[in-house]
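# model the following, please.
(one chain, ligands or ions: 2)
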Amino acid sequence: MKIVKIDKTDWSAGLQRSRESYRLVGPIKGENDDFAGIRELGEGEEPDLTATDTVLSPKSIVYPQSEIMFEYTTDKDSPDANLLIRPEKNYSPCAVVGIRPYDAAAFLLVRKNFDTPEYRDPYWCDAYEASTFIGLAVNRPDSTDFSTSTGSGPFSEKGLDALLVDTGDHYLAKLITEKGEAYVKAAGWKTEADPDTALKQIEEMKAVAEARISSAVAFENIRKKTILELYEADFWEDIAFSCINCGTCTYLCPTCWCFDIQDENRGTNGIRYKNWDSCMYPLFSLHGSGHNPRGTKVMRVRQRFMHKLKYFLDKYDDGIMCVGCGRCVRSCPVNIDIRRVCDIMNSYGTVENACTV
Ligand code: SF4
Ligand code: SF4
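Ligands and ions are numbered 1, 2, ... in the order given. Predicted coordinates for the structure are as follows:
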């Protein structure tokens, strides 16, 4: 395991050097300094490592909110008549610097849907493969972070190519993959730390950070229950009661992947778009016939939690479809808390499940 010591006085110069080979993506605050996002950085912009807890997750780096899939024309006089033309897009190497570890882990869960032996979404996969993920360990997780119980954590290396640890006057960069090594080389950061000393320091900092996490979810019993037991349970009305189906939880979640496909036609020309959608919206499941298999609020709320906490768990046998980032907990306008819902589902049918939402 190679660990490189990056003096903070050489941080900006290294980022600049890396721009010769990479596009830079990172967290950055908006004009009012109150809404941090993660996006491609222009000349002179640097990732703001004080703003890594972005309101929206970084999923849009590889899965834009709205994306052109292809253009077409039915004009018989055009040489491209009836062809599906995928537009040029920049898939040159891109370094995502300052991503939180649980957000990088989320891409691995989403990949199960977009990159399978039977089916490969070229838009998602090409953007993902062009990306190098340089994470920043979270030294002070907040009260809504429950990532350690979902298989991730503030110092998790899942999905990362390198992990930066802020030790005060320098970063320790743990190089995890060849992509991570290549990025650090391109940035010109060469000072190798003594691996034993550096690893010990990282492990100590990791233990302190993990000890700060005060909430957790358990789902062992959800796995043991049948789908119908949970689907037909009597708690869904209570859970869904205050939900306003605003979709906020799904839009800012790093692991929600629902999308909708729309064609926009003008005369004989058209564009097919792939847009984020949400299982919380009635239109998402509305059939052309007018029938809606999830026509009520309670059905939609149940779908969100059953997908994340039961269907995904059963299908992939790799945990729940949640990395514990806490975004939906912080931003739900009516305080619906997935930790509480998971607890209700997990303890359903047991003596402990005596309280209501
Ligand atoms: S953010 Fe809250 S109110 Fe909005 S759809 Fe999600 S659970 Fe419902
Ligand atoms: S805590 Fe909420 S927003 Fe974060 S991964 Fe889990 S479901 Fe998504």
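
# C-alpha only now, for contacts and for neighbours.
Noted.

# which ones are touching the residue of the stretch 151-300 of the chain found nearest ligand 2?
Relative to ligand 2, the nearest point of the stretch 151-300 of the chain is C253 (3.6 Å; Cα to the nearest ligand atom). Taking Cα atoms under 8 Å, 6 or more residues apart in numbering, we find C253 in contact with 56-57, 327-328.

# distance check, it against Y273.
Distance of C253 to Y273, given as Cα to Cα, to the nearest Å: 21 Å.

# could you export the helix or strand of the chain with the lowest mean pLDDT as CSV, CA atoms only?
Lowest mean confidence among the helices and strands of the chain (mean pLDDT, DSSP states H and E): strand 36-40, at a mean of 91. C-alpha atoms of strand 36-40 as CSV (Å, rounded to 0.1, in the frame of the first residue of the first chain):
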residue,chain,number,x,y,z
ALA,A,36,-22.7,23.3,-2.1
GLY,A,37,-22.8,21.3,-5.3
ILE,A,38,-20.4,19.1,-7.1
ARG,A,39,-19.6,19.8,-10.8
GLU,A,40,-16.9,20.3,-13.4
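
# for this protein, list the residues in contact with ligand 1, please.
Within the chain, the positions near ligand 1 by Cα under 6 Å from any ligand atom are 243-249, 280, 332-334, 336.

# buried subset of these?
243, 245, 247-249, 280, 332, 336 (16 or more other Cα atoms under 10 Å).

# which residues of the stretch 251-357 of the chain fall in strands?
For the stretch 251-357 of the chain, strands defined by DSSP state E, counting those that start in this stretch occupy the ranges 259-266, 269-276.

# picking that back up, what helices or strands is the least confident helix or strand of the chain leaning on?
If you count contacts as 3 or more Cα pairs under 8 Å, 6 or more residues apart in numbering; DSSP states H and E, strand 36-40 packs onto strand 23-29.

# partner strands of the strand it packs on and their direction?
Strand 23-29 pairs in its sheet with strand 36-40 (antiparallel), strand 94-99 (parallel), by DSSP bridges.

# please look at H170 and D7 and confirm they touch.
Yes. Contact criterion Cα atoms under 8 Å: H170 and D7 qualify, at 4.5 Å.

# SS state for C246?
coil (DSSP: H, G, I helix; E, B strand; the rest coil).

# distance of it relative to P282?
C246 is 11 Å from P282, where distance means Cα to Cα.

# kindly report the same for D126.
On the measure of Cα to Cα, D126 and P282 end up 31 Å apart.

# before we move on, what about D121?
25 Å.

# these two: which is more packed in?
P282 (17 against 12; other Cα atoms under 10 Å).

# neighbours of the nearest residue to that one once chain neighbours are set aside, just the number please.
Nearest in space to P282, with sequence neighbours left out and distances taken as Cα to Cα, 6 or more residues apart in numbering, is G295 at 6.2 Å. Neighbour count for G295, taken as other Cα under 10 Å: 15.

# most packed of the strands paired with strand 23-29?
Compared across the strands paired with strand 23-29, strand 94-99 shows the largest average neighbour count, a mean of 26 (mean count of other Cα atoms under 10 Å).

# A218: how many residues sit nearby?
For A218, the count of nearby residues is 15 (other Cα under 10 Å).

# residue contacts, the residue positioned nearest the centre of the chain?
The residue lying closest to the centre of the chain (Cα atoms, centre = their mean) is P254, at 2.4 Å. Taking Cα under 8 Å, 6+ apart, we find P254 in contact with 57-59, 103, 106-107.

# what's the closest non-adjacent residue to it?
Nearest to P254 is S57, by Cα to Cα, 6+ apart, at 5.1 Å.

# so what's the one you found up against?
37-38, 103, 252-254.

# how about 7 Å then?
252-254 (Cα atoms under 7 Å, 6 or more residues apart in numbering).

# swap in S66?
273-276.

# between these, which sits nearest R340?
W276 (26.3 Å; Cα to Cα).

# how near is that closest one to I3?
38 Å.

# before we move on, back to that, let's see which of the contacts of C253 end up in helices.
Secondary structure from DSSP state H places 327-328 of the contacts of C253 in helices.

# what is the nearest of the contacts of C253 to ligand 1?
For the contacts of C253, the nearest to ligand 1 is C328 (6.3 Å; Cα to the nearest ligand atom).
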